[in-house]
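Participant: Next input, structure requested:
(chains A and B)
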Number of protein chains: 2
Amino acid sequence: MPEISEQEFNQQRLQEVNEALGSGMFVYVRKLLQKLPAYDLALILESSTVKSRPVLWQLIDPDHQGEVLEELNEEVRKGILKSMRPEKVAEVAEGMDVDDLAEVLRTLPDSVYQEVIQSMDTQDRARVETALSFEEDTAGGIMNTDTITIRPDVSVDVVLRYLRLKGELPEATDSFYVVDRHDRFIGAVSLSAIVTSKPETVVSNLIDADIEAVAPDMPENDVAALFERYDWISAPVVDEEGRLLGRITIDDVIDIIREEAEHSMMSMAGLDDEADTFAPVIKSTRQRSVWLGVNLITALLAVAVTSMFEGIFSQLAILAVLNSLVPSMGGVAGNQTLTLVIRGLALGHVGDSNARSLLYKELAVGFLNGLIWAFLIATVVAVWKQDLTLGGIIAFAMLMNLTAAGIAGVMIPLMLKRMNIDPALAGSVILTTITDVVGIFAFLGTATLLLT
Amino acid sequence: MPEISEQEFNQQRLQEVNEALGSGMFVYVRKLLQKLPAYDLALILESSTVKSRPVLWQLIDPDHQGEVLEELNEEVRKGILKSMRPEKVAEVAEGMDVDDLAEVLRTLPDSVYQEVIQSMDTQDRARVETALSFEEDTAGGIMNTDTITIRPDVSVDVVLRYLRLKGELPEATDSFYVVDRHDRFIGAVSLSAIVTSKPETVVSNLIDADIEAVAPDMPENDVAALFERYDWISAPVVDEEGRLLGRITIDDVIDIIREEAEHSMMSMAGLDDEADTFAPVIKSTRQRSVWLGVNLITALLAVAVTSMFEGIFSQLAILAVLNSLVPSMGGVAGNQTLTLVIRGLALGHVGDSNARSLLYKELAVGFLNGLIWAFLIATVVAVWKQDLTLGGIIAFAMLMNLTAAGIAGVMIPLMLKRMNIDPALAGSVILTTITDVVGIFAFLGTATLLLT
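Facilitator: Predicted coordinates for the structure are as follows:
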């Protein structure tokens, strides 16, 4: 067991691989990579520059390339697929799980996709085409077809003999699905029930009522919520007619949970959650510039508001100096409320039923924090500039703006959600615009009224 | 299956519960709650106001209260434990898993803790005290002691007979642990190998080399990384002498993964990841005010820098109007880089081995975006104010600041990490300070040189 952390260990290995690659020791690198699981190979590719990825990819054992593709971040995977010939993609595709293969195929350009599909055998093609017929982010899109089915009238002993004949179970098999002769789902029997029951017990008596079937069009986030709620390891996917289509396993659900949680953070900074850390400069610049452009518009709005008070600056330059203070604090306070509400929405804590009490609470928090910082900043300004009125003006503006920030922090994400716009993506821009405009108006407006 | 999303479904149920609670229909609420799994009960408590939580808690079946405590967010759990008498806590504790119980006990005040521990039977107390002897966020702290152990020299048939005698397996049992007579861990045998092997096969031939043991002091984030890497369902915890201590299951790992991913987002807004959405106003105000205070200091720093140029505003009020533009864009651009690097650090993508190439890349992205927006904003200003020099000045400042933002966005989190400070918590404040100061100096400084 390593005495250093996982991250340090990964970094050391990455360094070793990169140095060997740099000195052209390809045989050595190939050897290093051979020993690693797919997850680690994906990590190494994701942590490498765009330039060295194709070289590394060539050095990965072709038998493992399928598994590595499954583990890769979408953007990085696209880059690698682009560099591969279609025959090669088809070859690698052979060993992959249906759900992952479908995900890979979705990202291929149409011509390559056709070529890959044509080169597959009929059975595989049929399975993949079924998987592709479901939306990407639904139960059908993430399910696998490697289910083990048994009949309701057989005994445990027969099941055990059948399993011994099979010789191996698919990964994460914790239950078998009981189906009738038309492949209609009757229920699930846990592996644990099979091994703890008497050999003569009939399977239909062991059906576990806790395992529910999932519809193929259920959104993947809802699937993940069910897994978390019931601590499932796997779950059957059953269509409207009750036919068993496949099963979803916990490893795919973990990916969904991680992506969902990461999504909010990345979106709040205007980044795609599949963003490649080491993407080429031009690509990154293009991706980021959209967000910067949106922010420029809101910044120009603040400038436009400020310019309405341009005349006052030549008389009272101090107002120009202090003008950033109130909008800045409003932005920070509003962002806290916004983040809390966005997490609350994602976890299902916040919705119509408790929006009002949350609004009152955040309004009160904003007002109280407004009082605290209004008093403090008023004291600082009054002492520094020997000007009580100025202190009073900034205190009033601060109180106004932090209260507005509390209200906006609750209302904006709820309204965006209702309009089916991602609050994590659009929330902070709109919030900042409001706290900027309210802050500037409250400060410069009051100052204009009282000081000129 | 509901046609509406999970979140809407939760919200509707929450509304039903709250309305019934509001009209004093306690018997009806008790009935509603009885049907729900612990996960849902925890969700309802977390989504309710602090006032109604104790009432709801009273209406939850005492037999399920232990499970609900396990699922609850830390802050909400503390609040509920505070309202319970020690005997009641001890009673509820009886049915809980050791790892969850240890977590609950850690949050109790010392006197209550003593009372709870005293009221447990000797065996339970010993198990909990072992769990408590490990740090909270390590493998030892999250492990359970419900392992099934077998001897290496028995046959599959004997194992199956033993399991039938047991009658039930602990949750998420996908493997058994082979130990010698001194309880020393030899290896793991998967349940899947047991059911697919011939009855006469000896257990020692079925040991799965892929299942590694985890040390009790391994940090929980590293444990989660191992689970993700190898798609484990459970893993054995073994001490330095090779003795089997317990096992970690996937359900606890999912919680860690979710918390880890949420942590970054919450920290970046200066919030605790265990923050209670519906915490009392005073508590929330206090928690938030620390962060607002820190931000006020950085805002005052920006004010101090601006005040160095106070003299220029009375001559050129337009500079006061435009002064917020460059710092604002720098903050947004820097925050994008920062967020990307913080995620990269968490996923293990970024470290010493590739920090330099990331720095060059982000520097280039910052510079290129700087060029784009410098050109655009220069054009806007030059046309609006009919002033080419002013346009040139703001363009220069924009280019400077976006480049600085790229460098700071990479360097700050790496340096904080090296100093063992959480980059997600401190990163954005430091970054904003830098982009504010650089932005103001570049804009007002150049303006002072060229326009006065």
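Participant: Low-confidence ranges, chain A, go.
Facilitator: A:1-4 (pLDDT under 70).
Participant: one more time with 50, if that's ok
Facilitator: Counting by pLDDT under 50, chain A contains low-confidence residues at A:1-2.
Participant: For it, which residue occupies the most central location?
Facilitator: What sits nearest the mean C-alpha location of chain A, by C-alpha atoms, centre = their mean, is residue A:259, with 2.5 Å.
Participant: My guess is residue A:136 contacts residue A:106. True?
Facilitator: Yes. Using C-beta atoms under 8 Å, residue A:136 makes contact with residue A:106 at a distance of 6.2 Å. (Each C-beta comes from the backbone N, C-alpha and C, glycine too.)
Participant: Contacts for the host helix or strand of residue A:31 next, please.
Facilitator: Taking DSSP states H and E as the criterion, the element that holds residue A:31 is helix A:26-34. Applying C-beta atoms under 8 Å, 6 or more residues apart in numbering or on different chains, the contact partners of helix A:26-34 are A:13, A:16, A:17, A:20, A:21, A:41, A:44, A:55, A:56, A:59, A:60, A:61.
Participant: interface residues of the stretch 101-250 of chain A facing chain B?
Facilitator: Residues of the stretch 101-250 of chain A lying close to chain B (C-beta under 8 Å from any C-beta of the partner chain) are A:160, A:163-164, A:166-169, A:171-174, A:191-192, A:194-198, A:214-215, A:218-219, A:221-222, A:225-231, A:233, A:250.
Participant: Go ahead and build a ChimeraX selection from the buried members of those residues.
Facilitator: Buried residues within these, by 16 or more other C-beta atoms under 10 Å in any protein chain shown, are selected in ChimeraX with:
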select /A:160,163,169,172,173,174,191,192,194,195,196,197,214,215,218,219,221,222,225,226,227,228,229,231,233,250
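Participant: Show only the entries of the residues of the stretch 101-250 of chain A next to chain B found in helices.
Facilitator: Of these, the ones assigned to helices by DSSP state H are A:160, A:163-164, A:166, A:191-192, A:194-196, A:221-222, A:225-230, A:250.
Participant: ok, now which ones touch residue A:81?
Facilitator: A:69, A:89, A:104, A:107, A:108, A:112.
Participant: and it, what helix or strand is that in?
Facilitator: Assigned by DSSP H and E, residue A:81 falls in helix A:74-82.
Participant: Kindly confirm my reading that residue A:178 forms part of a strand.
Facilitator: Yes. Assignment of residue A:178 by DSSP: H, G, I helix; E, B strand; the rest coil places it within a strand.
Participant: What residues does the stretch 351-452 of chain A have near chain B?
Facilitator: Residues of the stretch 351-452 of chain A lying near chain B (C-beta under 8 Å from any C-beta): A:351-354, A:357-358, A:361, A:364-365, A:368-369, A:372-373, A:376-377, A:380.
Participant: hmm, try it at 6 Å
Facilitator: Listed as neighbours of chain B in the stretch 351-452 of chain A under the rule C-beta under 6 Å from any C-beta of the partner chain: A:351, A:352, A:353, A:354, A:357, A:361, A:364, A:365, A:368, A:369, A:372.
Participant: Among the residues you listed, name the buried ones.
Facilitator: Buried residues within these, counting neighbours by 16+ other C-beta under 10 Å: A:351, A:353, A:354, A:361, A:364, A:365, A:368, A:369, A:372.
Participant: Now the third one: closest residue in space that isn't a chain neighbour?
Facilitator: To tie it back to what came earlier, the one meant is residue A:354. In space, and not counting its chain neighbours, residue A:354 is closest to residue B:47: 5.9 Å by C-beta to C-beta, 6 or more residues apart in numbering or on different chains.
Participant: who's in contact with the residue in the stretch 151-300 of chain A that chain B sits nearest to?
Facilitator: Chain B sits closest to residue A:261 of the stretch 151-300 of chain A, with a gap of 3.2 Å, by C-beta to the nearest C-beta. Applying C-beta atoms under 6 Å, 6 or more residues apart in numbering or on different chains, we find residue A:261 in contact with B:258, B:261, B:262.
Participant: from those, which is closest to chain A?
Facilitator: Using C-beta to the nearest C-beta, these come closest to chain A at residue B:261, 3.2 Å.
Participant: mind checking how far the closest one is from residue A:441?
Facilitator: Distance of residue B:261 to residue A:441, given as C-beta to C-beta, to the nearest Å: 38 Å.
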